[in-house]
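[1] Pasted the sequence and its predicted model underneath.
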Amino acid sequence: MYIDYYGFTKKPYSLLPNPDFLYIGKHHGIALSVLEFSLINEAGFTVITGDVGTGKTTLTRYLCNHLDDNEVTVGLVSNTHRAFGELLQWILNAYGLDYAGRSKVEQYQLFVDYVISEYGQNRRTVLIIDEAQNMDLEILEELRVLSNINADSDQLLQVVLVGQPQLREKLKDPSLEQFAQRVVADYHLEPLSKTEITGYIRHRLSVAGGNEDLFDEYACSYIAYFSKGVPRLVNMLCDLSLVYAYTQNKQKIDSQVVAEVVRDKLRGGLTPLRKAVVQKKSRDGMARV
């Protein structure tokens, strides 16, 4: 509803991953380099972790969009909980392979034949598993066995695991020592810094065709503080701030608008924002939360 009012061509802040809006700050830049390095050097396993909302999925979607389809075939799996079915079936589905009516052995052979066929056409097969922290130790071991398709010096299958910090703890389990030894590269995404938050907010405004200075510096500081640097929370606060400002016919978003949003969200108690009471508005532009 505020898109036309503020001159956007599309919504600048959404909770859904959108690689078109990826802001490459320090940690996201390193994570992207780690992923590119692992793929170029044909690493067996790569692990990327980060807390909820830090942009892991957006990063992997961006990577997928920038891979050469003539050189790499990518399969993406995000349903990793046992309740959603067998992992191997989800893997086959990710590559468009029909596994209906086949036994588990036949499904495995179907995948092996597919990977070998891709390799024969000079294409590497990359499997990206999102929300990998949901996989239990047994499933992770099955994945390791599946990677045995790689033989001698030829790397037919590369696996990228993306998940929350619990994934790292699982991979430290003694029963997964062989798995851990195959992890060539790994990186943990940290939240954005205060300076990066300002750049992040302005970057998304620019991509959406709006005014980069729509949020003043005090509004950006508020958002950086209460979001704790988590991109998903930044998006939520920015989106609601635009709604509140629009209903008040404001041309710019200041700290008072953000404070109002934060106060209402804290009152609801469902959003994990940093809690604080800020003094009444003064010369520095701060407002009571």
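    Ah, there it is. Residues are numbered from 1 along each chain as shown.

[2] the domain parsing of this protein - what is it?
    Domain segmentation of the chain under automatic domain parsing yields 1-11+194-289, 26-189.

[3] can you tell me how far the residue nearest to Pro231 when sequence neighbours are not counted sits from Leu240?
    Nearest non-adjacent residue to Pro231, counting by CB to CB, 6 or more residues apart in numbering: Gly55, 4.7 Å away. Where C-beta positions appear, they are placed from N, C-alpha and C, glycine not excepted. Note on Gly55: its distance to Leu240, by CB to CB, to the nearest Å, is 19 Å.

[4] More neighbours: which of those two?
    Per other CB atoms under 10 Å, whichever of Gly55 and Leu240 has more neighbours is Gly55, with 26 against 19.

[5] For that one, report the pLDDT, please.
    The predicted structure scores Gly55 at 94 on the pLDDT scale.

[6] one step back: could I get the domains of the chain as TSV with distance to Pro17?
    TSV is the format used below for the domains of the chain (distance: least, CB to CB, whole Å):
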stretch	distance to Pro17
domain 1-11+194-289	9
domain 26-189	4
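
[7] can you tell which of these is closest to Pro19?
    Closest of the domains of the chain to Pro19 is domain 26-189, at 3.8 Å (criterion: CB to CB).

[8] Start and end of that closest one, how far apart?
    From its first residue to its last, domain 26-189 covers 10 Å (CA to CA, to the nearest Å).

[9] Stretch 183-202 now?
    36 Å.

[10] next one: stretch 46-63
    From its first residue to its last, stretch 46-63 covers 13 Å (CA to CA).

[11] Going by neighbour count, list what's buried in that stretch.
    For stretch 46-63, the neighbour count (16 or more other CB atoms under 10 Å) marks 46-51, 53-63 as buried.

[12] And the contacts of stretch 129-144?
    Stretch 129-144 is touched from outside by 47, 49, 56-57, 60, 76-82, 87-88, 159-167, 170-171, 173, 175-176, 178-179, 182, with contacts defined as CB atoms under 8 Å, 6 or more residues apart in numbering.

[13] And these, which of them are buried?
    Buried members of the contacts of stretch 129-144, scored by 16+ other CB under 10 Å, are 47, 49, 56-57, 60, 76-80, 87-88, 159-164, 167, 170-171, 176, 179.

[14] In terms of pLDDT, where does Ile139 sit?
    90.

[15] isn't there a strand covering it?
    No - checked against DSSP: H, G, I helix; E, B strand; the rest coil, Ile139 lies outside a strand; its state is helix.
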